[in-house]
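# predicted structure and sequence below. I'll ask about it afterward.
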Amino acid sequence: MKRIIGLTLAFAIAGFSLAAQQTREVKPQQPGQKMKQGQHKQMMKDVNLSDAQKATIKANHEAGKAKMVALNKEEDITVREMKARRTAIQQEQKAKMEAVFTPEQKATMTANKAAMETKRAANMEKQMAITKEKLGLTDDQAAKLKKHSEDNHNKMKAIQDNQSLTMDQKKQQLKTVREAAFNERKSILTAEQLKKMQEMKKEGNQKKDLKSPKEDKGKK
């Protein structure tokens, strides 16, 4: 349970850092940023932070960011020392965040995380069934593709949650994972199936692009 709460708080810290950054300036969408925004919103559902907690979280974030900026400006420092001091700052931030949330709020975030994982698993099963039917996959292909998708998801999530990486490093590592995933799919699918999958992905992205402006308009 302690491990779950720890992971939950680490996730919340990343979400708060992102939210605080967005209130100050509008930047180009970063890798995994849109997904993180949605996950953070779901994670904090019904947590009901007080104004005092929000102020403390903001102050902690600003202090942590200032320390990171100062650390990145240091020139006479080894890579190993840089990583060690960065980790120390992150652990300090995590400890401060743990002190902000009440036991009830921590329990709510843990429950929200479990619900998110359950929903993600259900959506994946549904999508895999659709993919299997449209691509005409065998049971063996479907099983391999499902495992491949899970592994790929976990790798990308690990990169996105790694606060020791810069945005450029995340972007490069995510690109590497995507390229490796595409090559792995070549060993699972036939050339025709792979082509159909790319077409399905393209159609899905087009639908998202058409849907996004409507969502943005509704939020205003």
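Cool, the structure landed. Residues are numbered from 1 along each chain as shown.
# other SSEs contacting the host helix or strand of residue 92?
Using DSSP states H and E, residue 92 maps to helix 79-100. Here helix 79-100 touches helix 2-24, helix 51-73, going by 3 or more CB pairs under 8 Å, 6 or more residues apart in numbering; DSSP states H and E. (C-beta placed from N, C-alpha, C; glycine too.)
# in the last one, which residues are buried?
The one in question is helix 51-73. 56-57, 60-61, 64, 67-68 (16 or more other CB atoms under 10 Å).
# so how far is residue 82 from the spatially most distant residue from the centre of the chain?
Distance from the centre of the chain peaks at residue 76, with 32.7 Å (CA atoms, centre = their mean). In this view, residue 76 and residue 82 are 11 Å apart by CB to CB, to the nearest Å.
# and residue 95, by the same measure?
21 Å.
# neighbour count: the two, which is higher?
residue 82 (14 against 11; other CB atoms under 10 Å).
# show me what contacts the residue lying closest to the more buried one once chain neighbours are set aside?
Spatially, and ignoring its direct neighbours in sequence, residue 82 is nearest to residue 71 (7.0 Å; CB to CB, 6 or more residues apart in numbering). Contacts for residue 71 (CB atoms under 8 Å, 6 or more residues apart in numbering) come out as 82, 85-86, 89.
# name the next helix or strand downstream of whichever helix in the chain runs longest, please.
Counting by DSSP state H, the longest helix found in the chain is helix 103-135. The first helix or strand that comes after helix 103-135 along the chain, using DSSP H and E, is helix 139-161.
# from the chain's centre, how far out does that following helix sit?
15 Å (CA atoms, centre = their mean, to the nearest Å).
# phi and psi next, for residue 138.
Dihedral angles phi and psi of residue 138 (degrees, to the nearest 10) take the values phi -80, psi 170.
# so how many other residues sit close to it?
Here the number of neighbours of residue 138 (other CB under 10 Å) works out to 10.
# so residue 168: helix, strand or coil?
Under DSSP: H, G, I helix; E, B strand; the rest coil, the three-state class of residue 168 is helix.
# relative to residue 108, how far out is it?
35 Å.
# higher neighbour count, the two?
The residue with more neighbours, out of residue 168 and residue 108, is residue 108; 19 against 10, by other CB under 10 Å.
# residues contacting that one?
Contacts of residue 108 by CB under 8 Å, 6+ apart are 45-47.
# most neighbours of all the residues you listed, which one?
Going by other CB under 10 Å, residue 47 tops the contacts of residue 108 with 17 neighbours.
# go ahead and confirm that one touches residue 105.
Yes. Assessed by CB atoms under 8 Å, residue 47 is found in contact with residue 105 at 5.0 Å.
# mutual contacts of these two, please.
Common neighbours of residue 47 and residue 105, counting by CB under 8 Å, 6+ apart, are absent.
# what secondary structure does the residue farthest from the centre of the chain sit in?
coil.
# got the phi and psi for it?
Torsion angles, degrees, to the nearest 10, at residue 76: phi -90, psi 70.
# please renumber the chain so that the first residue is 739 from this point on.
Okay, using 739 as the starting number, the last item reads as residue 814.
# so, low pLDDT: which residues of this structure?
The model of the chain has pLDDT under 70 over residues 739-774, 945-958.
# one more time with 80, if that's ok
Along the chain, segments meeting pLDDT under 80 span 739-777, 901-904, 942-958.
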